[in-house]
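> Need a 3D model of the sequence below.
(chains A and B)
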Amino acid sequence: MAIFKGNDVHVVAPDVAISFFKGIMPFNTLDAETLSDLARHCRIDFFPKGTRVLTADSTELTHLYLIQRGGVKAFLEDDNGEVTLKDFRGEGASVGALAIIRGTRANLNIETVEDTFCFLLPREIFLDLIEKQAGFAHYYLKSFSEKIVITAYSELRHHKVAPRSNEDLYLFSIRVGDLVKTLRKIAASATIQEAAAFMSEYRVGCLLVHDTIDEEEIVGIITDRDLRGKVVAAGLDYNEPVATIMNSPVQTVLSQSLCFDVLLKMMATGIHHLAVERGGRVIGVITSHDIMLLQGHSPYYLFREIRAQQQIAGLYPLAQKIPEVIRGLIGEGAKAGNITQMIAILNDHILGQMLTLLEKEMGPPPVPYCWLLLGSEGRREQTFKTDQDNAILYADPGDEAQKQAAEAYFAVFAAKAIDHLVNCGYPLCPGEIMATNPLWCQPFAVWTHYFDHWIAAPEPQELLNSIIFFDFRAGFGETMLAEELRAYLNRQIAGRDLFLFHLARHCMETRVPLSFFKNFIVEKDGEHKNRLDIKRQGLTPFVNFSRVLALKFGVKETNTLARLKALMEGEQIQGELWSAASEAYELQMQQRLVHQLRQIEAGILPDNHIDPADLSDLERRMLKDAFAVIERLYGVLERMYPVM
Amino acid sequence: MVNFFKPKTWFAPPHPLIVQNREAFAKFDQSKPLTEYTFVVCDTELTGFDRKRDEIISIGAVLIRDLQIDLGTTFHQYIRPRNIEHTQATLIHRITPQQLAQAPPLAEVLPAFVEFAGNSLMVGHFLPLDMDFLNRAARKVLGGTLSNPGIDTMRLAQGYRRVLNGHFQDEEDRSCSYVLEDLAKEYHLPMFKAHDAFEDAMQTAYLFLFLLKKFRKGGLLTLKDIYQAGKVGNMWY
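I've put the predicted structure just below:
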C-alpha cells in the first residue's frame, strides 16, 4: 500500500501548487501531467517583509522563485551605495529566470517589500521546461512579444466573457477567400438581356463585367437591383450593352481579408457587392448576404434593422441590442479598435435614422446643419452607453428672419432628438454639452469664434472644459460644415505654440500609474478605493497625447489609433513608439470593454473602475507594460514643450 | 522529561516502529539551528471530540525541511472507522461515506504515518488533541506512543502575539481568535479549505512557516529559543 511518497508518482500533487501554476504564464500552457509533476517537485518558502532574497552578482540560483503571496522589489546598488529601483514584482511574477537561463549569478538584488510566500521550482526542472516546452524560453526572454499579446487577448476572451451555448460565429475565423463562389462574368459588350439570362441560369444576384477583349480585366459589376432600377423601371432597351448599366469601377477586397473587415467596409461605404482579389486577379464576388448567412446575431443584421426602421420609437429597442452584438464580437476575438469602430457605426446609424425621421416629422431645416459628435463619440471610442456629447453646427443664416427661423427650428429639433437618444439608452451629459444647450447649437461663425477664443487665451480651467470640442466630427447632416470647421481650426492652431504648450502640460498632469505592483496606484479615497480608473489613468494619457500632436501637425483624424497612425506616417513619431502606443492603448480599451460588458451582464451600470484583484497575472503584466509606454509619450511631449 | 518510561502496555512488546521511534528521540538535542530539523505538520479529522467513542477518519501531513514546505513529501489518507453508521450522522467533513467505506482501517494507516513522521518534530494546530487521538490509536495498534517532540502552532501564535505586544502583557487578550482560519486571515496567508485533513495541514504548515521565520528574523535561531520565547508549552504530548 503506497499511501505516502518519497518519489512515489501515485500521490496526488497538492492542489495549491497546481492551481497556482494554472493561473500564471507560461505554466498555464502545460498539460495536467506535467503540472502535477512540477507541483510535486516544488517547495514553498516564506520570506518576512524586508528579507534580502537575492544579491546581485553573488547569489547562485538553485531555484526559480514564483511569488504566491506578497511582493518583492528588484534594485541595483552601485559602489557608492546609490540604489536604482528597477522593478516591483507581485503575485504570479517570477524571480531568477534570466539568471538561470543564462547560467549566471543573480543580476539584481531582490528584497521582499511584504511578507512573501514563494513557490521554489528547482533550477534543473525549470531549465528542462525552457528546453522542451514551446514558448517557455520565448516568454522569459521577450517581454512584449506578439505571441503574448495574442495570448492575452484570447485569455481576456475566454476567461472574462462567459461562453454562450450556440456561439457559432465565424466573422473572425473565416476569410472572404473561403466564402467566395465560382466567378461569374460577362463581356462588357454583351446585351442586358444576355446578362439577365446568364444570372437566371446560374441563380446569382450579381455579375462581374469584363473587358470585351481582355477577359481578365474586370471593369464593372451589375446586380439584380441595377436590372430593376436602371432597366425595367426606366424602360431601357434590353439590347443595350451591360456596360451602360454597370457600376464601375468595382470595389475590391483582398481574399485574405477577414469577414469582419469586409463587413465593416460594406457598412461604411454602403456598397454590398465587393469583388474579391487574389494575387492581383479577381476571383469572385462577396456580398453582404453571404456574410450574413454565417450568423444570426450579426452586426449587419442589426444594421439592416436600423436602416429599415420607419418609426423613431422602433429604434429604441434596436439601440438596446447593440451590447448583445458587441458581446458576440468580443467573444469572437475582435480587437478593441474594431469593436469601438463597430459601436460607432451602429450608434451613427441609430442617430442618422432617428434624425432623418425627425426631419420628416418637422419638415426640412431652414439652413443646412451638421450634428456634431464630441469627446469619445467624436473619436469613435465609445464603449457601452457613454454619455451624450453633441452639438449642432448650422450654416450661417443669410438674414435676420432666417436666423430666427434657424434658432427656433433647431431648439425644438435638438430637444426632440436628445429625448429620443435618452430613450435609446444614451444618458444625458451631466455637463450639459448637448445640442439642447443654446451655447452649443450655433451657426458656423459663432463656432469659429469659440475656437478662436479657446486657442487665443487658454485659461487652464476653460481649456479643460473645451477639450472635448477639439475631438468633434460630423455625426449626421451636412458633413462639409464639419470639415470646413476642422480646416479652419487647423489653420488657426498652426504656430499657436502657447495653446499647444498648455494642452501638453495639462496632458502630463495625469500621473502615470507607474508603481504597478499588486496595488498599482489606485484611487486613494471614495467609492472606488483600491480600484484603477482605466479610463482616466490608463487611456486618457494616450488620447491626450494624440490630440496634442494631431492638433500640432494638422492631422484631421479624431480617433486616437488613427491619429497615432497618421502621426507615424507623417514621421512625427517613430514607428516603434507608434506600435507600442497603439498596442498598449488597444489592450487597455479591450480591458475596459470586457469589464463593462461583464457589468452590463451583471445588471450593473458600466464604469471604468477595475479592481486589480480581478486581473490575471498576464493582464497585470500587460497593463504594466502599457503604463511604461505612457512615460515615453510624456517624454516626447516634454522635449517638445519644455517648461524652461 | 522523556516519556518512554511511562507504562505503555503490559500485554505485548511495542511494535518495531515504536522502538525505532523511541530510540530516535532518546537523545534529542534542542540547541541545533532550526534549519537542521525536519517537521511533519499534521492534522487529523475526527468523527467527534468524545475520546471514548470517536475515531480518526483522516490524516493529512506535509514535511518541512530546510524551513521549506516540501510538496513532494506529503501524506493524505482516509481511514475506515469501526462504527461507520455512527460516522455518517456526525460528519461535517468533506469526506463521503463511500470514501470512508473504501478506505483502509487504522491498523494499516497508522504504521505508514509513523514511518512518514520518522525523525521529524510533530507540528499541529492545537496539537494536543491530534496527539491524544493518535497516541491512543498507536497504543492499541502498535503497543506504544509516539516519542516525536511536538510544537503547537496555536501556542506559537499566542507567543508571537505576546512578542508583538511586548513581553510584559501577562493577560491573554481574549478578543483575539486563535482559530486556524482566523490566524491565516490575520497574517494574510494563502487560504485553504477548512475541514479537510490535508488542506488543514497545509494551512497549518503555512502558519508555522510564517511564525517560525518571523521569530527567526527576530534573532531566535534554535529550537530552544523558540520554545522559550514563545512559551509554547510542553514539548511532549
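> Which residues of chain B lie near chain A?
Residues of chain B lying close to chain A (Cβ under 8 Å from any Cβ of the partner chain) are B:62, B:66-77, B:104, B:108-109, B:112-113, B:115-116, B:187-190, B:192, B:198, B:202, B:205-206, B:209-210, B:213-214, B:217. The way it works is simple: take the backbone N, C-alpha and C, and place the C-beta from them, glycine included.
> Just the buried residues of those.
Neighbour counting with 16 or more other Cβ atoms under 10 Å in any protein chain shown marks B:62, B:67-77, B:109, B:112-113, B:116, B:189-190, B:192, B:198, B:202, B:205-206, B:209-210, B:213-214 as buried within the residues of chain B next to chain A.
> how about the longest helix seen in chain B as CSV, C-alpha atoms only?
Counting residues, the longest helix found in chain B (DSSP state H) is helix B:197-217. Written as CSV, here are the backbone C-alpha positions of helix B:197-217 (Å, rounded to 0.1, in the frame of the first residue of the first chain):
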residue,chain,number,x,y,z
ALA,B,197,-7.1,17.0,7.0
PHE,B,198,-4.6,17.6,4.2
GLU,B,199,-5.8,21.1,3.5
ASP,B,200,-5.7,22.0,7.2
ALA,B,201,-2.2,20.5,7.4
MET,B,202,-1.1,22.7,4.6
GLN,B,203,-2.8,25.7,6.2
THR,B,204,-1.0,24.9,9.4
ALA,B,205,2.3,24.5,7.6
TYR,B,206,1.9,28.0,6.1
LEU,B,207,1.2,29.4,9.6
PHE,B,208,4.1,27.5,11.1
LEU,B,209,6.5,28.7,8.4
PHE,B,210,5.3,32.2,8.9
LEU,B,211,5.7,32.2,12.6
LEU,B,212,9.0,30.4,12.6
LYS,B,213,10.6,32.7,10.2
LYS,B,214,9.2,35.8,11.9
PHE,B,215,10.8,34.5,15.1
ARG,B,216,13.9,33.7,13.3
LYS,B,217,14.1,37.2,11.8
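> So which elements touch it?
Secondary-structure packing of helix B:197-217 (3 or more Cβ pairs under 8 Å, 6 or more residues apart in numbering or on different chains; DSSP states H and E): strand A:43-47, strand B:39-46, strand B:56-65, strand B:68-78, strand B:121-124, helix B:153-165, helix B:180-186, helix B:223-230.
> And the helix or strand where A:Leu302 lies, what's buried?
Assessed by DSSP states H and E, A:Leu302 sits inside helix A:299-308. If you call a residue buried by 16+ other Cβ under 10 Å, then helix A:299-308 has these buried ones: A:Pro299, A:Tyr300, A:Leu302, A:Phe303, A:Glu305, A:Ile306.
> got the contact list for the third one?
It refers to A:Leu302. Residues near A:Leu302 by Cβ atoms under 8 Å, 6 or more residues apart in numbering or on different chains: A:Leu318, A:Lys321, A:Ile322, A:Val325, A:Leu346.
> Sort out for me which of the residues you listed are in helices.
Members of these lying in helices (criterion: DSSP H): A:Leu318, A:Ile322, A:Val325, A:Leu346.
> Please pick the buried ones from those.
A:Leu318, A:Ile322, A:Val325, A:Leu346.
> Specify the beta-bridge partners of the most centrally placed residue in chain B.
Centroid-nearest residue in chain B, with Cα atoms, centre = their mean: B:Gly124, separated by 3.1 Å. B:Gly124 has these beta-bridge partners by DSSP bridges: B:Asp152.
> surely it meets B:Leu134?
No. Contact criterion Cβ atoms under 8 Å: B:Gly124 and B:Leu134 do not qualify, at 9.5 Å.
> Confirm that A:Cys370 sits in a helix.
No. Going by DSSP: H, G, I helix; E, B strand; the rest coil, the assignment for A:Cys370 is strand, not a helix.
> count of residues packed around it?
By other Cβ atoms under 10 Å in any protein chain shown, the residues close to A:Cys370 number 25.
> Distance of it relative to A:Trp447?
Look at A:Cys370 and A:Trp447: by Cβ to Cβ, to the nearest Å, they are 10 Å apart.
> what do those two both touch?
Residues touching both A:Cys370 and A:Trp447 comprise A:Leu393, with contact defined as Cβ under 8 Å, 6+ apart.
> returning to that earlier point: can I get the helix holding A:Leu302 as CSV, trimmed to CA atoms?
Only the C-alpha atoms of helix A:299-308 are listed here, as CSV (Å, rounded to 0.1, in the frame of the first residue of the first chain):
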residue,chain,number,x,y,z
PRO,A,299,-23.9,43.4,-36.5
TYR,A,300,-25.1,43.5,-40.1
TYR,A,301,-28.5,42.1,-39.2
LEU,A,302,-28.9,44.9,-36.7
PHE,A,303,-27.6,47.4,-39.1
ARG,A,304,-30.3,46.5,-41.6
GLU,A,305,-33.0,46.6,-39.0
ILE,A,306,-32.0,50.1,-38.1
ARG,A,307,-31.9,51.2,-41.7
ALA,A,308,-35.4,49.7,-42.3
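> isn't there a strand covering A:Glu111?
Yes. Counting by three-state DSSP, A:Glu111 is part of a strand.
> Leaving aside the residues adjacent along the chain, what's closest to it?
Leaving out its chain neighbours, the residue that sits closest to A:Glu111 by Cβ to Cβ, 6 or more residues apart in numbering or on different chains is A:Arg52, at 5.1 Å.
> pretty sure that neighbour is touching A:Val113, no?
No. Applying Cβ under 8 Å, one finds A:Arg52 not in contact with A:Val113, separated by 11.5 Å.
> what about these two, which has more around it?
A:Val113 (16 against 12).
> Could you check how far that one is from A:Asp224?
70 Å.
> which of the buried ones among the ones in helices among the contacts of A:Leu302 lies closest to B:Val40?
Taking Cβ to Cβ as the measure, A:Val325 is the one of those closest to B:Val40, at 58.8 Å.
> Tell me where chain B is predicted with low confidence.
For chain B, residues meeting the criterion pLDDT under 70 lie at B:1-12, B:84-94, B:166-175, B:229-237.
> for chain A, same thing?
Within chain A, the ranges that satisfy pLDDT under 70 run A:1-13, A:85-87, A:138, A:141-174, A:292-298, A:331-333, A:385, A:458, A:511-530, A:643-644.
> Give me the domain ranges for it.
Domain assignment for chain A, taken from automatic domain parsing, gives A:15-141, A:176-292, A:297-493, A:496-644.
> Dump those into JSON lines; add distance to B:Met154 as well.
JSON lines is the format used below for the domains of chain A (distance: least, Cβ to Cβ, whole Å):
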{"stretch": "domain A:15-141", "distance to B:Met154": "18"}
{"stretch": "domain A:176-292", "distance to B:Met154": "61"}
{"stretch": "domain A:297-493", "distance to B:Met154": "50"}
{"stretch": "domain A:496-644", "distance to B:Met154": "30"}
